[in-house]
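**Q** got a predicted model here, sequence first, then my questions.
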Number of protein chains: 2
Amino acid sequence: MNNFIYRNPTELIFGKGQLSKLAEKVEAYGRKILLVYGGGSIKRFGLYDKVMSILGEHGCQVAELAGVEPNPRLSTVQKGIELCRQQQIDWILAVGGGSVIDAAKAVAVGVPYDGDVWDFYTRKAAARDALPLGTILTLAATGSEMNRGSVITNWETKEKYGAGTTFPAFSILDPEHTYSVPRDQTVYGICDMLSHVFEQYFSHTPEIPLQTRIAEGIMLTVIENAERVLADPEDYDARANLMYCGTMALNGTLAMGVETDWATHSIEHAVSAVYDIPHGGGLSIIFPNWMKYVYRENVSRFKQFAERVWQVDPAGKSDEEVALEGIARTRAFFDRIGAPSRLQEYEIGDEQLDLMADKAVPYGPIGRFKQLKVDDVREILIQSL
Amino acid sequence: MNNFIYRNPTELIFGKGQLSKLAEKVEAYGRKILLVYGGGSIKRFGLYDKVMSILGEHGCQVAELAGVEPNPRLSTVQKGIELCRQQQIDWILAVGGGSVIDAAKAVAVGVPYDGDVWDFYTRKAAARDALPLGTILTLAATGSEMNRGSVITNWETKEKYGAGTTFPAFSILDPEHTYSVPRDQTVYGICDMLSHVFEQYFSHTPEIPLQTRIAEGIMLTVIENAERVLADPEDYDARANLMYCGTMALNGTLAMGVETDWATHSIEHAVSAVYDIPHGGGLSIIFPNWMKYVYRENVSRFKQFAERVWQVDPAGKSDEEVALEGIARTRAFFDRIGAPSRLQEYEIGDEQLDLMADKAVPYGPIGRFKQLKVDDVREILIQSL
């Protein structure tokens, strides 16, 4: 196990009807609130009205940053920062999925910062102060509700980068708020959370038996519950298990003492920055190809993955055959839930291959399971076309 | 899964040489420090000198509360509170195992409280404010380094109770600090952390697949590493795995959305309050007897425990036989590592049986896997004699 420092102060408020806890947060953080949300699904399904009703009852003054994009844009974040400054906002309430929360985090750290908030994403500065942020999660996927990560896209430069920003002070996770998530978004969320586990599970760090078992536990639980949710979108327990897994997959637990990878996320961010495709869809295409490209670096880890997560029977097979069968079953699972397998499904050809490969490797080689240079990324992208 | 609220702000600073991080904590929390420790092993093994040297270099003024008992006493806590008030202490640094940390927590919440600190333990008041607390853990066992629990013994009334007090602001966990832990203390620590998992694993809450797998992962990892540590007390990785498991077993993760039990801890506290025996030793005696007394409440849970944790082969056996074999293997494991199996090993007979049973049930029935009344506790104690 490697040395590590772990701290995660987010208060997780999980379960049916927990929205009612919002009232006490108004008392704690103040009455001038910026409400951040996306394309309006929270209005269609009644959540917006419920939130506004609680805030109204408690005498809150609410400004709105609506229309946050699925790959949230720097220009939207800048609009939010301006709003907060003009209206002297006390705290920010994000209602939505990872994109909405990521945008809200960027606003939260941008408000007290003198320079351009994009500095945090290009590593020119590190975020320190932030407005308090609360979230009401409506999509099980990114884990952003319980970590300090944020991913923003700059459309002027076609760059999509992540930064460490600020932990939500609290996050309200009611699985019922995910009942109305459309099938494709549910699938993307499943791909996203599994990918977060992959990024941390495929590691060369020795002596991490518990971290490994927790990762395997999350993968098994996501796999078991994925098809339940797709069969019955209002299966409370299946939605709850997925939502809990999404949070646990990226709240820092799996990274304790573990060297993690994250190359595949860099590659997907590059694709999304050029073509604006759904993050989870991109991951489901690229991850199995990354696995095939890198598994020889540690065949026994991939063999364990095959046996413990996919129940591959190793009898009569070489280690490499077992490892490859695990990768094939990963691909087959993504197929079974209807996740995309080729970039051409998003009408992406080889025209911008070099641009995407360059953007994936902005600060030198990526990944630690296998260090990838531009040519490696190019090869993985070609396999993904 | 049940509704839950989870929040754990403790900063975990884990690994070799992490003691050096203490310097920055002095900058953060101040220079008037109460150092809390136990019977002096930290002096024998050099840790005291290292800590004092760092604090000295940074101009700290250090008061000491030394000699905290294995079952820490209210009178010691009261002495610490007095010291803090007299010397206007900024924060508390506990160096030791769970007892030292529990005493330090009691001092931390006692200082700003007008009444008697024992009120928190008898449920007359709830702790709110606290002095900041840092810990340097020297024993993998209680998990107190990353939770807000504290257990204190009142020798005047022969009562040993737990209370929610305050989270450590930070905890430094260097597995090398546990190299010098004697064999019997190492064994008690292993019994204690396994017991913490048992208290949360044996639950009737449906649909907790991930929490279940994390609990099983901790148990498997503790079992694998226990004999390694006993064979070679300076096996870094085995010590690190145990230390990490001890923390994860009781930092709130396993209780997320789960109805937990804790009857066995109440029974052990009653025994310790009357006879002052080691907590881990008491648990290793009582837990298998609790299991035998309650397993019929949910045979399938005990069957799963037997199969997943102890690899019991269910072929040709009834569910009940599988469940009982899991309990027998638990007992056999405790025997194998040299943990006690009968109260008579501590020269405890049936003389005070009624007193112990009464003290175990101070506020009505205990436990939620099976609610236990005084007669039930008496029966479990008789089986444990």
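**A** Arrived safely.
**Q** what about the spatially closest residue to residue A:67 that is not a sequence neighbour, distance to residue A:174?
**A** Spatial nearest neighbour of residue A:67, excluding adjacent residues (C-beta to C-beta, 6 or more residues apart in numbering or on different chains): residue A:39 at 6.5 Å. In short, each C-beta sits where N, CA and C put it, glycine included. Counting by C-beta to C-beta, to the nearest Å, the gap between residue A:39 and residue A:174 amounts to 20 Å.
**Q** the longest strand in chain A is where?
**A** strand A:4-14 (DSSP state E).
**Q** which other residues reach that strand?
**A** Contacts to strand A:4-14, defined as C-beta atoms under 8 Å, 6 or more residues apart in numbering or on different chains, come from residues A:21, A:145-147, A:167-174, A:240, A:243-244, A:247, A:251-253, A:255-258, B:1, B:3-15, B:21, B:256-257.
**Q** report the angle between the axes of that strand and strand B:4-14?
**A** 180 degrees (axes from the mean of the first three to the mean of the last three C-alpha atoms, to 10 degrees).
**Q** now do the helix or strand just after strand A:4-14 against strand A:4-14, angle only.
**A** Helices and strands here follow DSSP states H and E; after strand A:4-14, the next one along the chain is helix A:22-29. For helix A:22-29 against strand A:4-14, the angle by the same axes, to 10 degrees is 130 degrees.
**Q** same question for the following helix or strand past helix A:22-29, mean pLDDT?
**A** Under the assignment DSSP H and E, the closest C-terminal helix or strand after helix A:22-29 is strand A:32-36. Average pLDDT, strand A:32-36: 98.
**Q** what is the orientation angle of strand A:32-36 with helix A:22-29?
**A** 130 degrees.
**Q** tell me where the stretch 1-150 of chain A has strands.
**A** Taking DSSP state E, counting those that start in this stretch as the test, the strands found in the stretch 1-150 of chain A are A:4-14, A:32-36, A:61-65, A:91-96, A:133-137, A:149-154.
**Q** and if you look at the stretch 151-300 of chain A?
**A** Going by DSSP E, counting those that start in this stretch, the stretch 151-300 of chain A shows strands at A:159-164, A:170-173.
**Q** of those, which shows the lowest average pLDDT?
**A** strand A:159-164 (a mean of 94).
**Q** show me which residues of it are buried.
**A** A:159-163 (16 or more other C-beta atoms under 10 Å in any protein chain shown).
**Q** between residue A:39 and residue A:174, which one's more packed in?
**A** Higher neighbour count among residue A:39 and residue A:174: residue A:174, with 23 against 15, using other C-beta atoms under 10 Å in any protein chain shown.
**Q** the more buried one contacts residue A:19, doesn't it?
**A** Yes: the pair residue A:174 / residue A:19 is scored as a contact, 6.1 Å apart, by C-beta atoms under 8 Å.
**Q** mind telling me what element the residue lying farthest from the centre of chain A is part of?
**A** Computed with C-alpha atoms, centre = their mean, the maximum C-alpha offset from the centroid of chain A is found at residue A:316, amounting to 38.4 Å. If you go by DSSP H and E, residue A:316 is not part of any helix or strand.
**Q** and the one 5 residues further on, by the same measure?
**A** Using DSSP H and E, the element containing residue A:321 is helix A:319-336.
**Q** show me the residue sitting in the middle of chain A in space.
**A** residue A:142 (2.4 Å).
**Q** and for residue A:209, the neighbour number?
**A** 20.
**Q** cool, and residue A:64?
**A** By other C-beta under 10 Å, neighbour count at residue A:64 equals 14.
**Q** for it, give me its contacts.
**A** Contacts of residue A:64 (C-beta under 8 Å, 6+ apart): A:34-37.
**Q** do the same with residue A:132
**A** A:29, A:90-92, A:108, A:169.
**Q** try residue A:174
**A** Neighbours of residue A:174 in contact, by C-beta under 8 Å, 6+ apart: A:14-19, A:136.
**Q** picking up where we left off before, spit out the residues that contact residue A:174 and residue A:19 alike.
**A** Joint contacts of residue A:174 and residue A:19 (C-beta under 8 Å, 6+ apart) are residue A:136.
**Q** care to break chain A down by domain?
**A** Taking automatic domain parsing as the criterion, chain A consists of the domains A:11-178, A:183-384.
**Q** how far does the last one sit from its chain's centre?
**A** Centroid separation between domain A:183-384 and its chain, computed with C-alpha atoms, centre = their mean, to the nearest Å, is 12 Å.
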